[in-house]
Each structure stands twice: as structure tokens, then as C-alpha cells.
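Attaching a predicted model along with its sequence, questions to come.
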Amino acid sequence: MSHYTKEEILSKVDHTLLKPEATWPQVQKLCDEAMQYHTASICINTCYVRQAVEYLQGRVPVCCVVGFPLGAMDTKSKAFEAKTAVKNGAAEVDMVINIGWLKNKQYDDVRADIAAVKAAVGDKVLKVIIETCLLTDEEKEIMCDIVPEAGADFIKTSTGFSTGGATFHDVELFARCVRGRCKIKAAGGISTVEDMETFLDLGADRLGTSRAVRLLTAKSE
């Protein structure tokens with residue numbers, strides 16, 4: 001038996017649609033499901049933020065991705081995208097770090113990149129995707145310091161567009177290394193209700209998945 005109710009899990013889910021070919025009717029359906037099942041947010045690409053905000057009318061927060069999925073554009077462009085998204089009504093922004101800079105050990109640049117996006121979003125929630133599947137454990141641990149130091153609200157595992165998604169190992173590592181200085185989001189490849197529950201048990205505060213609504217509602221019908 002689960003120790004979470006369906007509603008408890010859904011309240012932690014960023015209901016996600018980030019495919020490049022996503023159409024407005026598909027985003028609309030995402031919004032409808034989010035309103036019906038009371039998810040934490042919908043998570044979409046920035047081109048649909050204004051439309052989704054108008055459609056949802058404050059009933060569900062809009063989260064969007066910035067510098068996605070590679071994270072390798074210059075800092076000013078990333079910050080500008082974030083600022084525009086917030087102006088269009090986004091309540092939360094999930095950005096991708098500059099992974100190459102991390103590999104180059106340009107830690108100050110990585111921190112400044114995140115801080116610039118945080119300055120652009122102001123009091124809105126900033127989640128930082130570090131793309132764990134491309135990193136060593138040492139690099140993940142370094143990011144557990146840099147993300148809170150830069151003022152971000154969440155450290156997030158994955159885009160879902162690289163070589164792998166969230167793992168239990170990575171969320172355990174985050175929980176151990178961030179020590180409550182920021183929250184944790186597990187995203188990418190989460191495909192069962194049991195996995196969702198395990199990620200929450202390990203310390204994730206938010207789950208990024210396109211499947212949660214389907215899995216949890218199918219279970220109860």
C-alpha cells in the first residue's frame with residue numbers, strides 16, 4: 001500500500017510537455033488535466049507561456065524551461081529568455097546550466113550564469129537543471145553547493161532530452177549534499193507510480209513528468 005495519496009503525489013508534479021512539436025491543443029489539454037487534478041504546475045516551453053497563463057487564469061502556476069535543453073547559450077540570452085517568460089506570467093523557471101563550463105571547472109562562470117537568471121526572475125521560483133547523466137558524482141556534488149550559492153530555489157536532475165533521466169542515486173546524493181539549502185526536483189524518465197513515491201521518500205520536493213496524471217488516474221479508475 002502506498003503511503004501517499006494520489007492527490008499528494010499530483011500536488012508535487014510539474015505536469016510537463018516540452019516536445020519541440022508540441023501544439024497549442026496539446027498544451028491546452030495539459031492545462032485542462034493540471035486544473036482537473038491539481039498538479040503543482042504545468043511545465044512548457046516559453047513560446048506558450050503567455051497563452052497558457054491566459055487560459056489557466058491563475059488556477060495552476062505556469063512553469064517554463066529556459067536555455068533548454070542544452071544550456072550552452074550565453075548568459076545574457078538565457079537571462080533575457082527568463083525575464084521575458086516572467087513578464088508573460090511564468091511563476092517558475094527551470095534553466096539548464098552551462099555543462100561545458102562545469103567540465104572546464106569554470107565554477108564562478110557557472111554560478112554567475114545561474115545568478116543572472118535568478119536576478120531576471122526575481123521572486124519567482126528558479127529550478128536549475130544540472131543534467132546528471134552527463135556529470136561525474138564529484139561534479140554533481142560541486143553543483144549542490146553552486147546552485148544554492150547562486151540563489152536558486154531547486155536543484156533538478158535532468159532535462160529528459162539527454163542520455164538519461166532521474167535516478168535514485170542522484171536524488172540521494174542531492175539530499176545528502178544540499179543539506180536543505182535548496183529543494184530537489186527529480187525529472188526525466190519517471191515512468192511508474194512506485195518510482196514517484198521513491199523519489200519523494202528520498203527527498204524530492206517536486207517531480208517533473210509527462211506521465212504522472214495518466215499513471216495515477218488510470219490506477220484509480
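Okay, I see it.

where does the chain have low pLDDT?
1, 219-221 (pLDDT under 70).

Going along the chain, name the strands of the protein.
Here the chain has its strands, by DSSP state E, at 13-17, 41-45, 62-66, 92-96, 125-129, 154-156, 183-187, 206-209.

In a markdown table: the ones you listed, plus mean neighbour count and distance to residue 193.
(Each C-beta comes from the backbone N, C-alpha and C, glycine too.) Listed next are the strands of the chain as a markdown table, based on neighbours: other C-beta atoms under 10 Å; distance: least, C-beta to C-beta, whole Å:
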| stretch | mean neighbour count | distance to residue 193 |
| --- | --- | --- |
| strand 13-17 | 24 | 11 |
| strand 41-45 | 25 | 19 |
| strand 62-66 | 28 | 22 |
| strand 92-96 | 27 | 23 |
| strand 125-129 | 25 | 23 |
| strand 154-156 | 26 | 20 |
| strand 183-187 | 26 | 14 |
| strand 206-209 | 27 | 11 |
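
so can I have CSV of these showing distance to residue 27?
As requested, the strands of the chain are exported to CSV (distance: least, C-beta to C-beta, whole Å):
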stretch, distance to residue 27
strand 13-17, 6
strand 41-45, 6
strand 62-66, 10
strand 92-96, 16
strand 125-129, 20
strand 154-156, 21
strand 183-187, 18
strand 206-209, 16
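
Chain neighbours aside, what residue packs nearest to the residue sitting nearest the centre point of the chain?
In the chain, the C-alpha nearest the mean C-alpha coordinate belongs to residue 94, at 4.9 Å (C-alpha atoms, centre = their mean). Leaving aside its sequence neighbours, residue 94 sits nearest to residue 127 (C-beta to C-beta, 6 or more residues apart in numbering; 4.3 Å).

Next up, the contacts around that neighbour.
63, 92, 93, 94, 95, 152, 153, 154, 155, 156, 185, 206 (C-beta atoms under 8 Å, 6 or more residues apart in numbering).

Swap in 10 Å and give it another go.
14, 43, 63, 65-66, 92-95, 147, 152-156, 182-185, 187, 206, 208 (C-beta atoms under 10 Å, 6 or more residues apart in numbering).

With residue 116 instead?
75, 76, 78, 79, 80, 82, 83, 95, 150.

Please flag which of those sit within helices.
Per DSSP state H, helices hold the following members of those: 75, 76, 78, 79, 80, 82, 83.

I'd like the residues you listed laid out as CSV, including distance to residue 55 and neighbour count.
Shown next, in CSV, are the ones in helices among the contacts of residue 116 (distance: C-beta to C-beta, whole Å; neighbours: other C-beta atoms under 10 Å):
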residue, distance to residue 55, neighbour count
75, 31, 18
76, 30, 11
78, 26, 25
79, 26, 21
80, 24, 16
82, 21, 28
83, 22, 18
